[in-house]
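**Student:** next come a sequence and a model predicted from it.
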Amino acid sequence: MDVPESGAAGTGAPNLAEGFPDATPQRWRELVAGVLRKSGVPEEKLADAPESALATHTYDGFDIEPLYTSEPPAADPGFPGLPPFTRGYRPGGSGPDGWDIRARHTDADPAVLRRRLHADLMNGVGSLWIAVGGAGLPPPALGEALADVHLDLAPVVLEPGADHADAAAALLGAHADAGVPDGRIVSHLGIDPLTVAARAGERPDVMDPARLAAELSRERPGLGLFVADGTLVHNAGGSDAQELGFAIAAGTAYLRALHAAGLDVAEAASRIGFRLAANADQFSVIAKLRAVRGMWNQVLAASGVPAGRRSMSLHAATSEAMMTRRDAHVNMLRTTVACFAAGVGGADAVTVAPFDSAVGLPDDFARRIARNTQSLLIEESHLARVIDPAGGSFYVEALTGDLYRTGWEFFQELEAAGGAAEAVADGSLRERVDQVWERRRRDLAHRRSPLTGVSEYPDPAEKRLVREPDPAAVAGTWFPVRRYAADFEALRDRGDAQEARTGTRPTAFLATLGPVAVHTARASFTANLLAAGGVGVHEPGPLADADAAAGAFAASGCRVAVICSSDRVYGEQAEAVARALKGAGARRVLLAGPPRDAYREAGVDAFAHRGCDAVALLTDLVDVLATEPPVPPAKAQGAHA
């Protein structure tokens, strides 16, 4: 049998590209412009760079482009194990065992905590992150909780809040009681006065904790001291670059303080751990973890630390801000993506929050799922066997560079203003984070940043989870954890409260005009939108005209109506139907579709469409429905007659 000639000499393989034009960036731009032109994009926007219409603007000021190529080349990320350490600190990667699976615990009951710590360690967890002091576990009870832990093998990382001195004494006492020599301690004190002060709205004191830490570090070479925690900024709604910049500024502040307290700079650097948030935006997480290593390398290089001692202990914790109380099981998917990104980005330790952690204290099943998520990625998916899996991706390398640049700019801004402590004390850090949060909150409200199970595809019949309150969740309000779903969930809570009080859920009337095929799309969209705010729907079926709509509305006892149909039917009936609904007693009339002045003049109060402020619209509806309960249908029908 004859084999077709190939374009590649001597291979004998067919040339599958023969007859097709060359795949060049310019040809791609021409194809993009053609599609956008058909979509109605103005011609002037398609002249030079039509792909700019597809770019996504980030909270840090740069764009995510729709296509990345080798031109222009990204900065050289180096090799694994060599400066700038973007690709990790070990030439062989994290090895087959992968990253450290670190479980967080906030139980205040030492007996319960002891049982849960043992269950974690027997089922794949490698280290323990424990909230001690404040509303968490009392420091004197730490020894009891750690009674079953082999402290020379399983590191304990404290989250001590303002009680760092008592918590440190309790942790070191537990090691002594367990017979662990000082030279073999591998735990971490977790001291973080910047986060404590930021949450309380106070001026931080870094030097006193540094002097205590320096004293405790003597004869304990493996004891970690400070944590530079960027999750403070992330969970308050800040951007990726702000999180990076603050984490590096905090690490720099702790480096200076420990050096002033008597530690060598390289020694001080080795005692500082870093913590960043991992959310479901996987590529941003990967790039963020790669960028932060390069940023810390630059700080240590400028401080005179030899290249061989510039490593960073990097802990990634899944985002608290992304977790939802509604449809909480979807959090399993969010945390799996976040964990994947953290592993690919090269985190040394990863904490996956149990899916019910936003509801209250997680139960044993949720903890099991959280740790098994990591075990599956490491042991079954073999994720850790590839060194820097994202390295070389044009997109990831460009995104890493953009986050490095913008994160470094924010770090320099904090340093120029006096450093991280001063930025916390004078409120400028909070002010900058608040600016991003307001933009993020608008995107959430307009559903430009969708939340599955909350703002999109909510389950009105959901059986809510019930958990005991989490004591560690009662944090300071000056730098709060701002969950992205909170505004929608507050509306759902109001609907639940009204149903529990009156037996009736807030309900809107759907005035579906014309045949089913005509109104189904907008009726489904409207029902989904209303469900996101805890509002049910009453849909009587297809309505022929304004009189039919008014009669069905009056019989329903509702106080809010939404007109749903096609643009053609709107042109024929919308104005008459809106007037009829208002005449039948509707306090609010909405139309599913884009705003039009003619419909407003006819009595339409608002428009339900993809770009509307869903939170504002739903808040107004819930206010009406909550303050004015439905009229009994018979009475309403009689009034209409």
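**Tutor:** That came through fine.

**Student:** what's next to the top helix by length along the chain, contact-wise?
**Tutor:** In the chain, taking DSSP state H as the definition, the longest helix is helix 394-416. Defining contact as CB atoms under 8 Å, 6 or more residues apart in numbering, one finds that helix 394-416 is touched by 60-62, 64-65, 68-70, 74-75, 77, 86, 240-246, 248-249, 252, 283-284, 286-288, 290-292, 294-295, 298, 390-391, 420, 423, 429, 432. Any C-beta I mention is one placed from the backbone N, CA and C, and that applies to glycine too.

**Student:** and if you look at stretch 233-240?
**Tutor:** Here stretch 233-240 makes contact (CB under 8 Å, 6+ apart) with 58-60, 242-243, 246-247, 276-277, 279, 284, 288, 319-321, 403, 407, 429-430, 432-434, 436-437, 440-441, 479-482.

**Student:** related to what we said a few turns ago, buried subset of the contacts of helix 394-416, written for PyMOL?
**Tutor:** A single PyMOL command selects the buried members of the contacts of helix 394-416 (16 or more other CB atoms under 10 Å):
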select buried, resi 60+62+64+65+74+77+86+240+241+242+243+244+245+246+248+249+252+283+284+286+287+288+290+291+292+294+295+298+390+391+420+423+429+432
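
**Student:** now do the buried residues in the longest helix of the chain.
**Tutor:** Within helix 394-416, the residues scored as buried using 16+ other CB under 10 Å are 395-404, 406-408, 410-411, 414-415.

**Student:** then stretch 50-62?
**Tutor:** Counting neighbours by 16+ other CB under 10 Å, stretch 50-62 gives 50, 51, 58, 59, 60, 62 as buried.

**Student:** check stretch 315-324 too.
**Tutor:** Quick answer for stretch 315-324 (16+ other CB under 10 Å): 315, 316, 317, 318, 319, 320, 321, 322, 323, 324.

**Student:** can I get those in JSON lines with secondary structure, distance to residue 306 and pLDDT?
**Tutor:** Putting the buried residues of stretch 315-324 into JSON lines (DSSP: H, G, I helix; E, B strand; the rest coil; distance: CB to CB, whole Å; pLDDT from 0 to 100) gives the following:
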{"residue": "315", "secondary structure": "strand", "distance to residue 306": "24", "pLDDT": "98"}
{"residue": "316", "secondary structure": "strand", "distance to residue 306": "26", "pLDDT": "98"}
{"residue": "317", "secondary structure": "strand", "distance to residue 306": "30", "pLDDT": "98"}
{"residue": "318", "secondary structure": "strand", "distance to residue 306": "34", "pLDDT": "98"}
{"residue": "319", "secondary structure": "coil", "distance to residue 306": "35", "pLDDT": "98"}
{"residue": "320", "secondary structure": "coil", "distance to residue 306": "37", "pLDDT": "97"}
{"residue": "321", "secondary structure": "coil", "distance to residue 306": "38", "pLDDT": "97"}
{"residue": "322", "secondary structure": "coil", "distance to residue 306": "39", "pLDDT": "98"}
{"residue": "323", "secondary structure": "coil", "distance to residue 306": "41", "pLDDT": "98"}
{"residue": "324", "secondary structure": "coil", "distance to residue 306": "46", "pLDDT": "98"}
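
**Student:** those residues: which two are farthest apart?
**Tutor:** Using CB to CB, the two most remote members of those are 315 and 324, lying 23.4 Å apart.

**Student:** ok, back up a step: let me know the average pLDDT across the longest helix of the chain.
**Tutor:** Averaged over helix 394-416, pLDDT sits at 97.

**Student:** avg pLDDT for stretch 158-170?
**Tutor:** 96.

**Student:** what are the contacting residues of it?
**Tutor:** Residues outside stretch 158-170 that contact it (CB under 8 Å, 6+ apart): 104, 129-134, 136, 139-140, 142-143, 171, 187-191, 193, 196, 200, 209, 212, 216, 472.

**Student:** go again with 7 Å.
**Tutor:** Outside stretch 158-170, the residues that touch it by CB atoms under 7 Å, 6 or more residues apart in numbering are 129-134, 139-140, 142-143, 171, 188-191, 196, 209, 212, 216.

**Student:** and for stretch 59-75?
**Tutor:** Applying CB under 7 Å, 6+ apart, the contact partners of stretch 59-75 are 25, 28, 51, 54-58, 239-241, 394-395, 397-398, 401-402, 406, 436, 439-440.

**Student:** coming back round to it: return the subset of the contacts of helix 394-416 lying in helices.
**Tutor:** Among these, the members falling in helices (DSSP H) are 240-246, 248-249, 252, 283-284, 286-288, 290-292, 294-295, 298, 420, 423, 429, 432.

**Student:** strands of the stretch 251-400 of the chain, start to end?
**Tutor:** For the stretch 251-400 of the chain, the strands defined by DSSP state E, counting those that start in this stretch occupy 272-278, 313-318, 349-351.

**Student:** now those strands in CSV, with distance to residue 456?
**Tutor:** Listed next are the strands of the stretch 251-400 of the chain as CSV, based on distance: least, CB to CB, whole Å:
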stretch, distance to residue 456
strand 272-278, 22
strand 313-318, 21
strand 349-351, 27
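
**Student:** nearest to residue 116 among these would be which one?
**Tutor:** Closest of the strands of the stretch 251-400 of the chain to residue 116 is strand 349-351, at 14.4 Å (criterion: CB to CB).

**Student:** quick one: average pLDDT of the closest one?
**Tutor:** Summarised as a single mean, pLDDT over strand 349-351 is 98.

**Student:** what does it rub up against?
**Tutor:** Contacts with strand 349-351, where a contact means CB under 7 Å, 6+ apart, come from 99-104, 127, 129, 315-318, 339, 342-343, 374.
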